[in-house]
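>>> here is a sequence together with a model predicted from it:
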Amino acid sequence: MTIPIDVETKHRIVVVLLWLAALVALAVLAFIIAVVLWNGLPAVTLSFLLESPRDMGRAGGIFPMVVSTVAVTLLAVIVAAPLGVGTAIYLTEYTSETALTRVIRFGAECLAGVPSIIFGLFGFIFFVIQLGMGWSVLSGGLTLAVMILPTVMRTAEEAIRAVPESFREASFSTGASRWQTVTQVVLPSALPGIVTGVILGVGRGVGETAAVIFTAGSSLHIPTSIFSPARTMAVHFYILAREGISMRHAYGTAAVLVILILAINTAANWLMLRFQAKQG
Amino acid sequence: MEEPTVEPKIAVRGLDLYYGRFHALKNIDLDVRPNTITAIIGPSGCGKSTLLRTFNRMNDLITGVRVDGSVRLDGQDIWTGSLTPVQLRRRVGMVFQRPNPFPLSVFDNVAFGPRAHGQRNRRVLEELVEESLRGARLWDEVRDRLNQPATELSLGAQQRLCVARLLAVRPDVILLDEPCSALDPVSTLAIESLMRELQDRYTIVIVTHNMQQAARASDESVYMLLGEIIEHGPTSQVFTNPKDSRTEQYITGRLG
Ligand SMILES: Nc1ncnc2c1ncn2[C@@H]1O[C@H](COP(=O)(O)OP(=O)(O)OP(=O)(O)O)[C@@H](O)[C@H]1O
Ligand SMILES: [Mg+2]
């Protein structure tokens, strides 16, 4: 037997349920961040941030890891962003649906689903051994670049497709070339979406362990060039925790990592708001 | 007395256009006279926009489009002649159904075309923008708001801005595809009187569903049906004394 419920009540129940779902999701996120910060912040001091580790990381700080993380991620973005955005532009503006574009898209989708440890192994075999780059910022950055490329490409493609066709028509009808249309009309309109994709990629890169540990290495020294080996914060955290070196410093590293990721996202949001305000 | 023959601005001969396997334009012959307003009328889907978009090769951007026959601009074939699509579109500009200003300032919208063609000199651009906005009867309305986003203008003003953006490129032909269908009656009349002013210097082709507009604002009318031109003549004749019964049916049906 069903109890008759009127539409208004149904609507209210649905709203409450959706609201609860959102609340739970938010609460889980807040809880994780709180645990990490609660356990980690006591270890985070200025000297923790600015000193090199001593005694395998039991003492001292994580300065080399901060530098390594920034270097490896930056390199990955510098390589992946132009490649990903370029591919997206090609797929959307310069070619129609063909077998080739379907293969590219299918490939990107497959790549996006591959676990990061596979990228680590690939990077190890290809960049570290085959190309002789050794454990280095370069190997790590390139491996991360390959890993985040599909994300950057797909989000850029979606953002570009979302640009109204009428903008392109307007541009072409004033006699602008395709390249001018892309650079002056399409890309500026798609920029917020493209930036979001790149930030997603950065977030994935900053927090990545498996793909980096085999390719950038786990040196405790500050990398002096892109050919130096490096240990990112995520790898450092993993080694400290895994080998039971220092839970206190592991949590400290995690706290810095979480704050860094939050900062990146906040900055990206702020940039985008400013950009949109300017666009009107 | 014989009418002096004028070289047509646009001459279409035996034009066929296919979207994939769909035959959208069938053996079109048409002369568009210079400094004339030509209205294209006909029921929805008969190929008005398709014909208009052939004149500036906008259909080339759609995949699967195939054309046969010839279209000449001032005697020069637009496909086999020396004009590139970019050069063609500088001479044959287009205004669309929905006002489509870029999400830029009023100034940057009008300066877009000249900039795309390499004009960087700020003073020249400023003069061009003012001249074009005056030409589109918009200058007095926006002279103090040149740096505001174009999207903040009223729809009617946005459509005149699109006309200004086009004038800045200094075309000879202006194509308008139902330019008033999103506008209120006052803005519609503003566009119509604007067309009359522009007629001295430009050749104008307008697609419209509004019979009163075609009767009021055009010199020649073209009636299309199912991809074919049924009738073409002076507007007064087409509207009062159509030669083809199908034209008559359409016009009396639409005028009610
Ligand atoms: N890109 C396209 N692909 C396939 N068919 C198309 C395409 N564009 C238009 N058509 C078809 O071609 C025919 C003519 O279209 P067109 O847009 O030129 O008509 P129209 O006379 O402008 O109609 P309306 O008054 O509704 O704007 C229609 O049957 C339409 O379905
Ligand atoms: Mg149409």
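Noted; the coordinates are in hand. Ligands and ions are numbered 1, 2, ... in the order given.
>>> so what pLDDT did residue 152 get?
This is for chain A. Per-residue pLDDT puts residue A:152 at 91.
>>> that's the wrong chain, I meant chain B
89.
>>> burial of it, as a residue count?
13 (other CB atoms under 10 Å in any protein chain shown). C-beta coordinates here come from the backbone N, C-alpha and C atoms, glycine included.
>>> roughly how far does it sit from chain A?
7 Å (CB to the nearest CB, to the nearest Å).
>>> could you pull out the helices in chain A for me?
Assigned by DSSP state H, chain A shows helices spanning A:7-40, A:46-50, A:63-89, A:99-113, A:116-123, A:137-161, A:165-173, A:178-181, A:187-206, A:210-213, A:233-242, A:247-279.
>>> distance to ligand 1 and mean neighbour count added to these, as CSV?
Output for those, formatted as CSV (distance: least, CB to the nearest ligand atom, whole Å; neighbours: other CB atoms under 10 Å in any protein chain shown):
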stretch, distance to ligand 1, mean neighbour count
helix A:7-40, 38, 11
helix A:46-50, 59, 12
helix A:63-89, 22, 21
helix A:99-113, 19, 13
helix A:116-123, 41, 18
helix A:137-161, 17, 25
helix A:165-173, 11, 20
helix A:178-181, 18, 16
helix A:187-206, 22, 21
helix A:210-213, 44, 26
helix A:233-242, 49, 21
helix A:247-279, 29, 16
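>>> for residue B:204, find the nearest of those helices.
Distance to residue B:204, taken as CB to CB, is lowest for helix A:165-173 among the helices of chain A, at 14.8 Å.
>>> leaving out the residues flanking it, which one is nearest to residue A:128?
residue A:139 (5.0 Å; CB to CB, 6 or more residues apart in numbering or on different chains).
>>> next up, the contacts around the one you found.
Contacts of residue A:139 were listed using CB atoms under 8 Å, 6 or more residues apart in numbering or on different chains, and they are A:123, A:124, A:127, A:128, A:133, A:215, A:216.
>>> if we go to 10 Å?
By CB atoms under 10 Å, 6 or more residues apart in numbering or on different chains, the contact list for residue A:139 reads A:72, A:75, A:123-124, A:126-129, A:131-133, A:212, A:214-217, A:226-227, A:229-230.
>>> show me which of these are buried.
A:72, A:75, A:123-124, A:126-128, A:133, A:212, A:214-217, A:226, A:229-230 (16 or more other CB atoms under 10 Å in any protein chain shown).
>>> farthest-apart pair in those, please.
Maximum distance among the buried ones among the contacts of residue A:139 (CB to CB): 18.2 Å, for A:126 and A:230.
>>> so what's residue B:13 up against?
B:27, B:28, B:29, B:30, B:31, B:69, B:70, B:71, B:72, B:77.
>>> for the residue nearest to residue A:235 when sequence neighbours are not counted, give me the pLDDT.
Excluding the flanking residues, the one nearest residue A:235 by CB to CB, 6+ apart is residue A:213, at 4.9 Å. As predicted, residue A:213 sits at a pLDDT of 93.
>>> right, and residue A:213 touches residue A:234 too?
Yes - using CB atoms under 10 Å, residue A:213 is in contact with residue A:234, at 8.6 Å.
>>> low-confidence stretches in the chain?
All of this refers to chain A. Applying pLDDT under 70 to chain A flags residues A:1-2, A:275-280.
>>> hmm, no, I was thinking of chain B.
Scanning chain B for pLDDT under 70 picks out the ranges B:1-4, B:255-256.
>>> please enumerate the helices of it.
B:48-55, B:85-91, B:106-116, B:122-135, B:139-142, B:155-167, B:185-198, B:211-217, B:235-240, B:245-255.
>>> residue contacts, residue 65?
Let's take chain A. Listed by CB under 10 Å, 6+ apart, the contact partners of residue A:65 are A:52-53, A:57, A:218, A:220, A:222, A:230-237, A:253, A:256-257.
>>> should've been chain B
B:17, B:18, B:19, B:20, B:24, B:50, B:53, B:54, B:59.
>>> show me the contacts for the closest residue to the fourth one other than its chain neighbours.
It stands for residue B:20. Once flanking residues are discounted, residue B:20 sits nearest to residue B:64: 4.4 Å by CB to CB, 6+ apart. Taking CB under 10 Å, 6+ apart, we find residue B:64 in contact with A:96, B:18, B:19, B:20, B:21, B:22.
>>> contacts only, for the last one.
Residues in contact with residue B:22, defined by CB under 10 Å, 6+ apart, are B:64, B:227.
>>> follow-up on the earlier one: between the helices of chain A, which gets nearest to residue B:229?
helix A:165-173 (23.7 Å).
>>> let me know the angle separating that closest one from helix B:155-167.
30 degrees (axes from the mean of the first three to the mean of the last three CA atoms, to 10 degrees).
>>> how far out from the middle of the chain is helix A:165-173?
33 Å (CA atoms, centre = their mean, to the nearest Å).
>>> then stretch A:232-246?
21 Å.
>>> what does stretch A:19-28 give?
Using CA atoms, centre = their mean, the offset of stretch A:19-28 from its chain centre is 23 Å.
>>> likewise for stretch B:102-121?
The answer for stretch B:102-121 is 21 Å, by CA atoms, centre = their mean.
>>> how far does it stretch from start to finish?
Using CA to CA, to the nearest Å, the end-to-end distance of stretch B:102-121 comes to 21 Å.
>>> if you tally nearby residues, what's the number for residue 231?
Assuming you mean chain A. Neighbours of residue A:231 (other CB under 10 Å): 29.
>>> looking at chain B here, not the other one
Using other CB under 10 Å, residue B:231 has 21 neighbouring residues.
>>> what about it, distance to residue B:239?
11 Å (CB to CB, to the nearest Å).
>>> need the residues touching each of these two.
With CB under 10 Å, 6+ apart as the test, residue B:231 and residue B:239 both reach B:41, B:221, B:247, B:248, B:251.
>>> out of those, flag the one nearest to ligand 1.
residue B:41 (9.4 Å; CB to the nearest ligand atom).
>>> how about residue A:173: what's its closest non-neighbour residue?
Nearest residue to residue A:173 in three dimensions, chain neighbours excluded: residue B:94, at 4.1 Å (CB to CB, 6+ apart).
>>> quick one on the thing from earlier: okay, the helices of chain A in TSV with distance to residue B:195 next?
Formatted as TSV, those follow (distance: least, CB to CB, whole Å):
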stretch	distance to residue B:195
helix A:7-40	51
helix A:46-50	68
helix A:63-89	38
helix A:99-113	42
helix A:116-123	61
helix A:137-161	35
helix A:165-173	17
helix A:178-181	27
helix A:187-206	30
helix A:210-213	62
helix A:233-242	65
helix A:247-279	32
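>>> for residue B:36, which of those helices is the nearest?
helix A:165-173 (20.9 Å).
>>> now do the closest one and helix B:48-55, the angle between them.
Interaxial angle, helix A:165-173 versus helix B:48-55 (the same axes, to 10 degrees): 40 degrees.
>>> what is helix A:165-173 packed up against?
helix A:178-181, helix A:187-206, helix B:85-91, strand B:92-95, helix B:106-116, helix B:155-167 (3 or more CB pairs under 10 Å, 6 or more residues apart in numbering or on different chains; DSSP states H and E).
>>> quick one on the thing from earlier: between the helices of chain A, which one is nearest to residue B:201?
It's helix A:165-173; of the helices of chain A, that one is closest to residue B:201 (CB to CB) at 18.6 Å.
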